[in-house]
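Q: just the structure for this:
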Amino acid sequence: MDGLKKMMLKEEKRLQKIQRTLEERLIDVPEGTLRIFESKNQIQYIHCTQNANESGNKLSYIKKADRNMANQLAQKSYDQKVQKIVSRRLKQFDRLVEEYEDNEIDNIFERMHPNRQRLVEPVEKMWDQKVLEWKNVPYIGKEFENGIPEIYTKKGERVRSKSEKILADTFCDLGIEYKYECPLKLNGYGIVYPDFTILRKRDGKEIYWEHDGRMDDPKYAEKAIRKINNYISNGLFPGDRLIVSFESSGVVIRDSVIKMMIDKYL
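A: Numbering: from 1, shown residues only. Got it, this is the predicted structure:
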């Protein structure tokens, strides 16, 4: 899975942060453990420590005035259990992250000489082949009304706005294949034409990018919100398989924002 190593490195950093927090917490903690007994709806906290002179443990009742001791012992027990798990997981991540490489199976085929590649059938389709097959599936997009300005992308495709041209040209510059206004059926709503449909490499799922460019127009905004809600009703959630960008007459979308969204979601 493309991007899995990045995800593992992110999780490893999270665990390392937890480990540092636990190490600080466990520097100065009371000895022993906590036992809790309940009798006649009364809770008793018992401090259990090792008896240095005799076998077995020494049990001491924690008085109400010393209840902070019970808190410290309970926290200590929790922290030690979490620390044990985190330590084990970090050892596993160290080994796995060192050995794992994204696309390592694809790389075996790609590193072969072209003459040898022609003799071999990959165990899975290469990503470029998957994208090509996906891109070549024919579809009928939304028609353009007469009399509206003609705006074309770097690839020569006609789009409806300058903002859509900016989006399309950014995808083109970054090597991201897309379908413009490819029809999609939403149950309970009907056919919609997402501005861009993209095949996401890290999981092979279709991602839909809607650009709502007139959010200061009340009727337009109401329609856009209704459409987004219907995406959600069909299991397509913003930040997952639905990406939504916005503009108004006073706030335009910037290249830097587009690239940040691409990096985050695609």
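
Q: residue boundaries of the helices in the stretch 51-200 of the chain?
A: 67-99, 104-110, 114-117, 127-135, 162-173 (DSSP state H, counting those that start in this stretch).

Q: need the winner for burial among those helices.
A: Mean neighbours per residue, mean count of other Cβ atoms under 10 Å, is largest over the helices of the stretch 51-200 of the chain for helix 162-173, with a mean of 18. In short, each C-beta sits where N, CA and C put it, glycine included.

Q: I figured Ile191 hits Leu184, correct?
A: Yes. Ile191 is within contact range of Leu184, at 7.1 Å (criterion: Cβ atoms under 8 Å).

Q: hmm, back to that, worst average pLDDT in the helices of the stretch 51-200 of the chain?
A: Among the helices of the stretch 51-200 of the chain, helix 104-110 has the lowest mean pLDDT, at a mean of 87.

Q: so how far is Arg116 from Pro173?
A: For the record, residue 173 is Asp, not Pro. Between Asp173 and Arg116 the distance, using Cβ to Cβ, to the nearest Å, works out to 33 Å.

Q: typo on my end, it should be Glu177
A: 27 Å.

Q: and what of Lys6?
A: 31 Å.

Q: what of Phe109?
A: Phe109 is 9 Å from Arg116, by Cβ to Cβ.

Q: same check, this time on Glu164
A: In terms of Cβ to Cβ, Glu164 sits 43 Å off from Arg116.

Q: buried residues, the host helix or strand of Lys17. List them.
A: Of the helices and strands defined by DSSP states H and E, Lys17 is found in helix 4-25. Along helix 4-25, these residues count as buried under the neighbour rule (16 or more other Cβ atoms under 10 Å): Lys5, Glu12, Leu15, Ile18, Gln19, Leu22, Arg25.

Q: the inter-axis angle of it versus helix 67-99?
A: Counting by axes from the mean of the first three to the mean of the last three Cα atoms, to 10 degrees, helix 4-25 lies at 150 degrees to helix 67-99.

Q: gap between helix 4-25 and the chain center?
A: 17 Å (Cα atoms, centre = their mean, to the nearest Å).

Q: what packs against it?
A: Contacts defined by 3 or more Cβ pairs under 8 Å, 6 or more residues apart in numbering; DSSP states H and E place helix 4-25 against helix 67-99.

Q: what's the helix it packs on packed up against?
A: Looks like helix 67-99 contacts helix 4-25, strand 33-39, strand 42-50 (3+ Cβ pairs under 8 Å, 6+ apart).

Q: quick one: strands adjacent to the shortest one?
A: The pairing partners recorded for strand 33-39 under DSSP bridges are strand 42-50 (antiparallel).

Q: now the strand it pairs with: average pLDDT?
A: Averaging pLDDT along strand 42-50 gives 89.

Q: then that strand to PDB, C-alphas only?
A: Extracted in PDB, the C-alpha atoms of strand 42-50 (Å, rounded to 0.1, in the frame of the first residue of the first chain):
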ATOM      1  CA  GLN A  42     -17.900   1.300  50.900                       C
ATOM      2  CA  ILE A  43     -14.700   1.500  48.900                       C
ATOM      3  CA  GLN A  44     -11.500   0.800  50.700                       C
ATOM      4  CA  TYR A  45      -8.000   1.600  49.200                       C
ATOM      5  CA  ILE A  46      -5.100  -0.600  50.400                       C
ATOM      6  CA  HIS A  47      -1.500   0.300  49.900                       C
ATOM      7  CA  CYS A  48       0.400  -3.000  49.200                       C
ATOM      8  CA  THR A  49       4.200  -2.900  49.700                       C
ATOM      9  CA  GLN A  50       6.900  -5.600  49.900                       C
END
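
Q: got the contact list for it?
A: Strand 42-50 has contacts (Cβ atoms under 8 Å, 6 or more residues apart in numbering) with 30-38, 57-62, 67, 69-70, 73.
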